[in-house]
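Asks: Sequence and predicted structure are below.
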Amino acid sequence: MRNNLTLLTNFEKKLLFDLNTLYSYKIYSATANLPVHWDDLAVSTIFLSKKYLEILEKASPENMMCHFIGLFENETLVGIALSQFLDLNQLKSFGDRDKCMKTIVRNFVFRKFGSHVLVIGNNMLTGQNSFAFSEFIDIKKALQTLNSAIIALKKMLYSKGKKIHITTYKDFYKEDITNFAIPEFKNTYQFSTQPNMVFYIDEKWKSEQDYIDSLSKKYRDQYKRARKKADSVKKRKMHLEDIIALEDSIYDLYLHVAQNAPFNTFFLPKNHFRIFKEIFKDKFLFYGYFLDDKLIGFNTLIKNGSVMDTYFLGYDESIQREKMLYLNMLYDMIAYSINKGFTEIVLARTALEIKSSVGAKPVKMYGYIAHSNRILNSYMPKIFKYLEPETNWHERNPFK
């Protein structure tokens, strides 16, 4: 009688082999040690590329420590991932805007029970920038291996006196979450945060005027009013030497906006934008807004393939209101992206209503979170509502 294995077709043998494939992992703390072919997998997003990870290495927030994870099939790199350890005890404040009881409770919970957070993904961006896998990989088995790497990383951090309280994977689209239906994630809470606001560029638009013509009268009037208000404000593309020369003013404007946000888990270092420009060059755009030759605001953009990602900004609040500066920044981002042939603009998850008023659409994002304490973890569905600031807003449709 022939062995059962000999009765299998070649396809069935390959399938059996794939089911038993085990991936291995390596954890890196320096970009200089990353595998040669790392960037071959960082094609879905520039935010997993060596150059971007080098920015994190040189200019990440003071309370953040990054690690880079490679997944291997034998000796072949088949997956890459980013993790960020956040020590919230190093922050004086999580944000000064809201003073309600819910904020007080949230801050207490973080200080007492969740000050050490391990993020698998990028806490500085919105979108799936957690990992990228080879097209031939078994995604569920890859996630199991990634989970093993995270357990090893926690032990490594614990040996350095950093016990992880909260572990979270972020941000995933609806079609991604079925991959997490594996035993390793059965005790993690699936959550949905504020949506990612994405502006989709109509392929028929070839100029800013095409966008303006598509607006309804109400929102066309809003556009005209905003542009008129900012008539005396001069926009200027800033180069590396300009960023360095105005670094103190830039940081003051950034810090004003960051400190007045409803919630923050980090603050950028002063040299962040300079380092970003040095490494990313023309892929990183920095625009300053000037009134009487004084810098009153700035915004930043990152070219990510056919997608334009908005990044951090800053402004003088009193002038921002008078000149409708933030709204004008949004119109400028839209105009540039249309003119340069981008397909969409990722506007992230702040200021939802005003972004909606220029045409951005909300895209629901999902994540997973778990606490190291089993009792606290069992209450995560109730605890989470205190961790994530709630925003009430109305979606707008500015188009005809």
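Replies: Cool, the structure landed. This is a predicted model, so every value here is computed, not measured.
Asks: ok, which stretches of the stretch 151-300 of the chain are helices?
Replies: Along the stretch 151-300 of the chain, counting by DSSP state H, counting those that start in this stretch, helices occupy 208-214, 217-229, 240-245, 247-259, 272-280.
Asks: Please spell out which residues along the first one are buried.
Replies: When you say that, I think you mean helix 208-214. By neighbour count with 16 or more other C-beta atoms under 10 Å, helix 208-214 contains the buried residues 208, 211-212, 214. All C-beta spots, glycine's among them, are computed from the backbone N, C-alpha and C.
Asks: Which other helices and strands does that helix contact?
Replies: Packed against helix 208-214 by the contact rule (3 or more C-beta pairs under 8 Å, 6 or more residues apart in numbering; DSSP states H and E) you find helix 325-339.
Asks: Repeat that for the second one.
Replies: Where contact means 3+ C-beta pairs under 8 Å, 6+ apart, helix 217-229 is packed against helix 325-339.
Asks: after the helix it packs on, next one along is what?
Replies: strand 344-348 (DSSP states H and E).
Asks: From the chain's centroid, how far away is that next one?
Replies: Taking C-alpha atoms, centre = their mean, to the nearest Å, the mean C-alpha location of strand 344-348 is offset from the chain mean by 11 Å.
Asks: Give me the contacts around it.
Replies: The contact list for strand 344-348 (C-beta atoms under 8 Å, 6 or more residues apart in numbering) reads 125-127, 196-201, 304, 306-310, 330, 333-334, 337, 355, 360.
Asks: how far off helix 325-339 does it point, in degrees?
Replies: Calculated by axes from the mean of the first three to the mean of the last three C-alpha atoms, to 10 degrees, strand 344-348 forms an angle of 150 degrees with helix 325-339.
Asks: partners of strand 344-348, with directions?
Replies: strand 196-200 (antiparallel), strand 307-315 (parallel) (DSSP bridges).
Asks: Any chance of TSV for the ones you listed, columns mean neighbour count?
Replies: Formatted as TSV, the strands paired with strand 344-348 follow (neighbours: other C-beta atoms under 10 Å):
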stretch	mean neighbour count
strand 196-200	20
strand 307-315	21
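Asks: Those: which one's closest to residue 88?
Replies: Residue 88 lies closest, by C-beta to C-beta, to one member of the strands paired with strand 344-348: strand 307-315, at 19.4 Å.
Asks: which stretches of the stretch 251-400 of the chain have low pLDDT?
Replies: 388-390 (pLDDT under 70).
Asks: residues contacting residue 224?
Replies: Residue 224 neighbours (C-beta under 8 Å, 6+ apart): none.
Asks: Hmm, residue 264 and residue 124 touching each other?
Replies: No. The criterion here is C-beta atoms under 8 Å, and residue 124 misses it with residue 264 at 10.9 Å.
Asks: that older thread, could the buried residues of helix 208-214 go into JSON lines alongside pLDDT and distance to residue 51?
Replies: Below are these laid out as JSON lines (pLDDT from 0 to 100; distance: C-beta to C-beta, whole Å):
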{"residue": "208", "pLDDT": "97", "distance to residue 51": "30"}
{"residue": "211", "pLDDT": "98", "distance to residue 51": "31"}
{"residue": "212", "pLDDT": "98", "distance to residue 51": "36"}
{"residue": "214", "pLDDT": "98", "distance to residue 51": "36"}
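Asks: coming back round to it: out of the helices of the stretch 151-300 of the chain, deepest packed?
Replies: Of all the helices of the stretch 151-300 of the chain, helix 272-280 has the most neighbours on average by mean count of other C-beta atoms under 10 Å, namely a mean of 21.
Asks: Residue 90: neighbouring residues, count only.
Replies: Using other C-beta atoms under 10 Å, residue 90 has 13 neighbouring residues.
Asks: What does the pLDDT read for it?
Replies: pLDDT for residue 90: 86.
Asks: Quick check: it touching residue 62?
Replies: Yes. Assessed by C-beta under 8 Å, residue 90 is found in contact with residue 62 at 6.3 Å.
Asks: Switch the strands paired with strand 344-348 over to JSON lines; also include distance to residue 56.
Replies: JSON lines is the format used below for those (distance: least, C-beta to C-beta, whole Å):
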{"stretch": "strand 196-200", "distance to residue 56": "21"}
{"stretch": "strand 307-315", "distance to residue 56": "13"}
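Asks: so which of these comes closest to residue 372?
Replies: With C-beta to C-beta as the criterion, residue 372 lies closest to strand 196-200 of these, at 28.0 Å.
Asks: Would you pull up how far that closest one lies from the middle of the chain?
Replies: Using C-alpha atoms, centre = their mean, the offset of strand 196-200 from its chain centre is 13 Å.
Asks: Quick one: residues in contact with that strand.
Replies: The contact list for strand 196-200 (C-beta under 8 Å, 6+ apart) reads 126-127, 171, 334, 337, 343-349, 352, 355-356, 358-363, 365.
Asks: any idea of the mean pLDDT for stretch 186-198?
Replies: Across stretch 186-198, pLDDT averages out at 94.
Asks: Check which helix or strand the spatially most central residue of the chain maps to.
Replies: Centrality entry for the chain: nearest residue to the mean C-alpha point is residue 125, 1.7 Å, by C-alpha atoms, centre = their mean. Using DSSP H and E, residue 125 sits in no helix or strand.
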